[in-house]
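Undergrad: what shape does this take:
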Amino acid sequence: MKKNLLLGLLINFQTTFSQNSIKFDSIVLNYNYSTLALKKDISETLKIIRVDNSFHLSNKKIDSTLINNLWIELNTKKDNFTYDYFLLKKLKVKKYKIKKSINFYSQIVHSQNKKMSQDLKNELIIDITNLKDFSEFIEFEKPKKESIYGSLDGRKSILICFYYEGEKTFFKFEDYHRCGQPFYIGEKLIKNKLVNLDVNQVILDILPSKSKFGKEFNYQNVMDKYIDWYILRAIEKNFPTE
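TA: From the prediction side, this is the model:
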């Protein structure tokens, strides 16, 4: 049933694309995050509705081309979680985040009666700023084909649902890699898993910059994870476990 619906929606989409008429009634983007430490959930639900042949989010008109592209990219496997892809985005690490992470991990090292020298801290800042071994990090971080990942912290749910004539097609997103990748068409199963970082760009183009949902798809999140990865690797090298 779900596969038939998905195929039917895709055929409808392809047929109407050239006619500039989309056959979705609405699109709901839902974000929910909770941990034991929080007294209440952090959530956001955004609803894009169709009015005649145009789409609107909170009374703001959304370019129909973006809606077209979102559907296309969500149904396209590109396996583009690569070093070259991130280089093309011209992303940079922020020095204040590097220093913040170094301070955090230096306290952990200090709790083990050890100390990170200022020379090591300076070296880390230079190396990370210059994206040293970034290609190795991306290879390490790249979603594995036969793996399903859990949540990094607490419980997080990230969903996009397309509604059409009372039926829905939904997509579930991971948060382990901090960028909503990989994702699943329907249930969280290996056979339903896709990787396509172009989805992120479309979502960022559609949603307001302060959206909690949109922030989950920010490419900069991967750079922040790279900072932690590089520092932790340096700690393991300089302070081996006895």
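Undergrad: report the buried residues of the top helix by length along the chain.
TA: As assigned by DSSP state H, the longest helix anywhere in the chain is helix 220-238. Counting neighbours by 16 or more other CB atoms under 10 Å, one finds that the buried residues in helix 220-238 are 220-227, 229-231, 234-235. For the C-beta atoms, the positions are set from N, CA and C on the backbone; glycine is no exception.
Undergrad: helices along this protein, start to end?
TA: So, for the chain - with DSSP H - the helices run 2-17, 64-74, 83-88, 95-111, 118-129, 134-141, 198-206, 212-215, 220-238.
Undergrad: just so I know, which of those lies nearest Asn32?
TA: If you check each of the helices of the chain against Asn32 by CB to CB, helix 212-215 wins as the nearest, at 9.5 Å.
Undergrad: can I get that closest one in CSV, CA atoms only?
TA: Taking Å, rounded to 0.1, in the frame of the first residue of the first chain, the C-alpha atoms of helix 212-215 are listed here in CSV:
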residue,chain,number,x,y,z
LYS,A,212,14.5,24.3,15.3
PHE,A,213,13.7,21.8,12.5
GLY,A,214,15.9,23.6,10.0
LYS,A,215,18.9,23.8,12.4
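Undergrad: now do that helix, average pLDDT.
TA: Helix 212-215 comes out with an average pLDDT of 95.
Undergrad: OK, contacts around the residue nearest the centre of the chain?
TA: The chain has Cys179 as the residue nearest its centroid, 1.8 Å off, counting by CA atoms, centre = their mean. By CB atoms under 8 Å, 6 or more residues apart in numbering, the contact set of Cys179 is 197, 200, 216-219, 221-222.
Undergrad: give me that answer again for 10 Å
TA: Residues near Cys179 by CB atoms under 10 Å, 6 or more residues apart in numbering: 81, 141, 143, 173, 197, 199-200, 216-222, 225.
Undergrad: and His56, by the same measure?
TA: Here His56 is in contact with 26, 47-50, 62 (CB under 10 Å, 6+ apart).
Undergrad: so which of the helices of the chain gets nearest Ile158?
TA: It's helix 212-215; of the helices of the chain, that one is closest to Ile158 (CB to CB) at 7.1 Å.
Undergrad: run through who's touching the closest one.
TA: By CB under 10 Å, 6+ apart, helix 212-215 touches 29-33, 42-46, 158-160, 173, 180, 200, 203-209, 221.
Undergrad: low-confidence ranges in this protein?
TA: 1-22, 36-39, 150-154, 242 (pLDDT under 70).
Undergrad: mark which of the contacts of helix 212-215 are buried, thanks.
TA: Counted by 16+ other CB under 10 Å, the contacts of helix 212-215 give 29-33, 44, 46, 158-160, 173, 180, 200, 203, 206-207, 221 as buried.
Undergrad: next up, the contacts around the closest residue to Leu70 other than its chain neighbours.
TA: Spatial nearest neighbour of Leu70, excluding adjacent residues (CB to CB, 6 or more residues apart in numbering): Val202 at 4.7 Å. Going by CB under 10 Å, 6+ apart, Val202 touches 65-74, 196, 217.
Undergrad: got a markdown table for the residues you listed, with neighbour count too?
TA: Shown next, in a markdown table, are those (neighbours: other CB atoms under 10 Å):
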| residue | neighbour count |
| --- | --- |
| Thr65 | 12 |
| Leu66 | 16 |
| Ile67 | 21 |
| Asn68 | 16 |
| Asn69 | 17 |
| Leu70 | 24 |
| Trp71 | 22 |
| Ile72 | 17 |
| Glu73 | 19 |
| Leu74 | 19 |
| Asn196 | 20 |
| Phe217 | 22 |
